[in-house]
Structure formats: structure tokens, C-alpha cells
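In: I'd like to go over a predicted model; first the sequence, then the structure.
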Amino acid sequence: MIRVYYTYYEKETAEHGKIKELEHRLGRELLCRGLKEIYGLQVSAENRSKGIKSSRGDLDSDDRSGTPAVDSLLAKEENGKPYIKDRPDIHFNISHCSGLVVCAFADKPVGIDAEMVKPVWDPLIRRVLHEQELQVLSRYGEIPEKGKRVSGAEDKNVSGPEDKNVSGTDEKKIRSREFLRLFFRYWTLKESWLKQDGSGLTREPREICFSVDPDDWTSPVRASDPGKICLQKKMVRNQDLPAEYILSVCVPNSSEGPSEGPDMGVDRSFFWTDIRSCPEEEQSSMNTDTEKQPLLHQYDT
């Protein structure tokens, strides 16, 4: 089982120049939420010793009930990946991007990555994608020459729901959106694959090749490495300017044999639960401004 908690946020909720601090705090709060609901561990996201502010703005090392700070339970593996001390049964991983923070839990080592679909630069495409992936990507748009930006839809986030029955001048825009969406499917797959075992920058993203079906969002994604399984989800946040996100999760393959097995050891089902109805004290701890309060969600596979 993989369970993913996620929350959207508005940049306006962070103090000027402190987006990273906001993302870090929200990641810790999602971690605390999962530890409580899945494993029965009551911990606080607050940590005075590291100067991380809580949602309420205080700097107590523990919350007022004496609950231990989650950072006091964390340690790091040699490769830098954090884990819960004395709880080898708990595996988690956190990721964040513009407007979104996610935290995955699993019964085996897990990696997760989330990215907003947006314009990218050609050097990045060629640096991270395998040659076979580049060939597939080129079906949805020409890979630009070095130094040129891949343009997308007219809105700056290059996102929004699928447009049906378009033609004429809209064809190029839709094709570009598909190009970018596929690139970020590859990108998040590789990031989650690297984060799953903590190898990170010690390995080249191009050494793994994924076979992505652009129309399939439910089946596990096949990879040249049969030892891991990756799942994906597309998320669209409906605002005045919609934002589209790609979410990828990676765990070890529990089945024997190649990754094209019938079930690949992973439940293919996706279930979404909006958990905005959490207790009042937890809601108040998420943000002091209730009108801008991030919404907690839970995502199971």
C-alpha cells in the first residue's frame, strides 16, 4: 500500500522570500498527519532548536501538550535520506513544487516527486532523458535547438483541462501541452526512482528508461529497471489560472520476474479522499489565516 498526503498552498501565505520555509513546514505537517493516522504516532511539526516556525507562528520545541517534535525522531541514512529512528516499518518521502507539497508513506522504501507542468529548456531535456524517451517525446513536438525554450499554452503555467475537438491555430498549443506533460511524466518518474533508494545525484537519470503510455494513468509504468515499480497521477488545481501537476511514486517491485508481469506486485487502483474535515485544532494549526488555509488531502493506491 502507498498512501500520499498532499496540500496546495498559495505563495501569498508565505512571508517575502520564504517559500522554501513554507514548503518545509507543510511537508513536516503532512508527515505528522500521516504518522498519526497511519501509525498512531502523536508528533508535532514544531522544532525550536532548528528555528522552524509552526503554523501558529510560535517557536516551541514541542507543542503545548508536550508532544515531541517530529525532527527529534528523524535520522538520515548515509545517502542523506531521512527516516524514523527505531521504526524500520515506516517509510516516507516528501516532495514539493510551486503550489503543492506531498508526503508519501509505504510499507517499503518509497520515493515521490511532484512537478508543475511548465515550460522547460532544451539542455535539461537532453540531460535527463534516455534516447528512447527522446524519440517518443519527439512525436508530440519538435525538441528545440539548444538554448531555446519549449513554449506551451498561452497561460504561463501551461496547464488546464484537456481541450476536445480543436483545430487550426489551437492545434500547436495543445500539441505543446502534450509535449510538456510527457516530459514531466518522465522527469517525475526519474526523480521518484532516484529518491526511492536515496541514490539521488550519485546516479544519472538517463541510465533508466521508462515506457510511458500518454493515455494511461492507472497502470504501473514499465521501466528498464525491473526492480522498481512506479505509479503516476495527473492533478489539476482549478483556479483563475489552472495549474496542472504530475505526481510519481516509486517502490521496490515485490513480484518476481520482469516488470511486465500481470500485476507487478502493485495495486493499480487509485482512491482520492478529501480530508478537509479534520479536527478543529488541527485545522487551526495549518494556518492562522483561515481564508488562505492549505487544504489537506489523502491519496491511496
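Out: Right, received. Where do you want to start? Residues are numbered from 1 along each chain as shown.
In: Distance check, Arg33 against Ala106.
Out: Going from Arg33 to Ala106 by C-beta to C-beta, to the nearest Å gives 16 Å. C-beta: built from backbone N, CA, C; applies to glycine.
In: Any regions of the stretch 51-200 of the chain where pLDDT drops low?
Out: Applying pLDDT under 70 to the stretch 51-200 of the chain flags the ranges 51-65, 144-175.
In: From the contact counts, what lies against the helix or strand where Glu37 lies?
Out: Under the criterion DSSP states H and E, the helix or strand holding Glu37 is helix 19-39. If you count contacts as 3 or more C-beta pairs under 8 Å, 6 or more residues apart in numbering; DSSP states H and E, helix 19-39 packs onto strand 2-8, strand 91-97, strand 100-106, helix 280-286.
In: please redo it, this time with the cut-off set to 6 Å
Out: For helix 19-39, the elements it packs on are strand 2-8, strand 100-106, judged by 3 or more C-beta pairs under 6 Å, 6 or more residues apart in numbering; DSSP states H and E.
In: Which residues outside that helix are in contact with it?
Out: Among residues not part of helix 19-39, those counted as contacts by C-beta atoms under 6 Å, 6 or more residues apart in numbering are 5, 7, 14, 41-43, 45, 70, 90, 94, 96, 101, 103, 105.
In: And stretch 179-189, by the same measure?
Out: By C-beta under 6 Å, 6+ apart, the surrounding residues in contact with stretch 179-189 are 113, 115, 117, 129, 133, 137, 140-141, 152, 158, 210, 212, 214, 230, 246, 248.
In: Could I get the full set of helices for this structure?
Out: Assigned by DSSP state H, the helices in the chain fall at 19-39, 122-128, 131-137, 170-196, 280-286.
In: ok, back up a step: buried ones from the contacts of helix 19-39, can you make that a PyMOL selection?
Out: In PyMOL, this line selects whichever of the contacts of helix 19-39 come out buried by 16 or more other C-beta atoms under 10 Å:
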select buried, resi 5+7+14+41+43+45+70+90+94+96+101+103+105
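In: Dump the contacts of helix 19-39 into a markdown table; add distance to Phe179 as well.
Out: A markdown table is the format used below for the contacts of helix 19-39 (distance: C-beta to C-beta, whole Å):
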| residue | distance to Phe179 |
| --- | --- |
| Tyr5 | 30 |
| Thr7 | 29 |
| Ala14 | 31 |
| Leu41 | 43 |
| Gln42 | 46 |
| Val43 | 42 |
| Ala45 | 38 |
| Val70 | 40 |
| Ile90 | 38 |
| Ile94 | 28 |
| His96 | 24 |
| Val101 | 26 |
| Cys103 | 30 |
| Phe105 | 33 |
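In: Could you work out the most separated pair of the contacts of helix 19-39?
Out: Using C-beta to C-beta, the pair of the contacts of helix 19-39 lying farthest apart is Ala14 and Ile90, separated by 28.8 Å.
In: if we can go back for a sec, among the helices and strands packed on helix 19-39, which is nearest Pro205?
Out: strand 100-106 (19.5 Å).
In: What lies in contact with the closest one?
Out: 2-8, 23, 26-27, 30-31, 34, 38, 91-95, 110, 112, 114, 245, 249, 251.
In: Can you name the residues bridging to the closest residue to Trp193 other than its chain neighbours?
Out: Nearest residue to Trp193, sequence neighbours excluded (C-beta to C-beta, 6 or more residues apart in numbering): Cys250, at 4.9 Å. Beta-bridge pairing for Cys250 (DSSP bridges): Gly111, Cys230.
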